[in-house]
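> Let's see this in three dimensions:
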Amino acid sequence: MTPTCSGYLQTVCEYVHLNPARAKLLRPEQSLREYRWRSWPDYLRSPEKRPAWLRVDWVFGEMGIPKDSVAGRRETLVTVAWIAARLQMGSAAHVNTRLYQWRQGRK
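This is a model prediction of the structure:
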């Protein structure tokens, strides 16, 4: 897989990382970051604290986040938490449309 797979990588990553919320495996007060069986928390760590094999640049780029920085990781967290909250509330049908509109307004 290469960074030129526009959209596909993002779709796969969102599916994998959001699956606990989509499958209702989280308690209502539990964040996606707290779910034990995910690599998601590693994406939010600084480069020196995450596994050497984990590349976040392509995933962040697909999300429209230009840099693996404190601000970029914070924006990633907010975006994914927003989607996960809507999935947990059962409004999954509108998540992709609203996220697309939000991203377009942000740019």
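
> Test my guess that Ile83 contacts Leu18.
Yes: with contact defined as C-beta atoms under 8 Å, Ile83 reaches Leu18; the gap is 6.0 Å. In short, each C-beta sits where N, CA and C put it, glycine included.

> ok now do the spatially most central residue of the chain, which residues does it touch?
Closest residue to the average C-alpha location of the chain: Val80 at 4.0 Å, with C-alpha atoms, centre = their mean. Each residue near Val80 by C-beta atoms under 8 Å, 6 or more residues apart in numbering is listed here: 14, 17-18, 32, 40.

> In helices only, show me the residues you listed.
Within the contacts of Val80, residues falling in helices by DSSP state H are 14, 17-18, 40.

> Tell me the spacing between Pro41 and His17.
10 Å (C-beta to C-beta, to the nearest Å).

> neighbour-wise, which of the two wins?
Shown here are Pro41 and His17; by other C-beta atoms under 10 Å, His17 has more neighbours (19 against 15).
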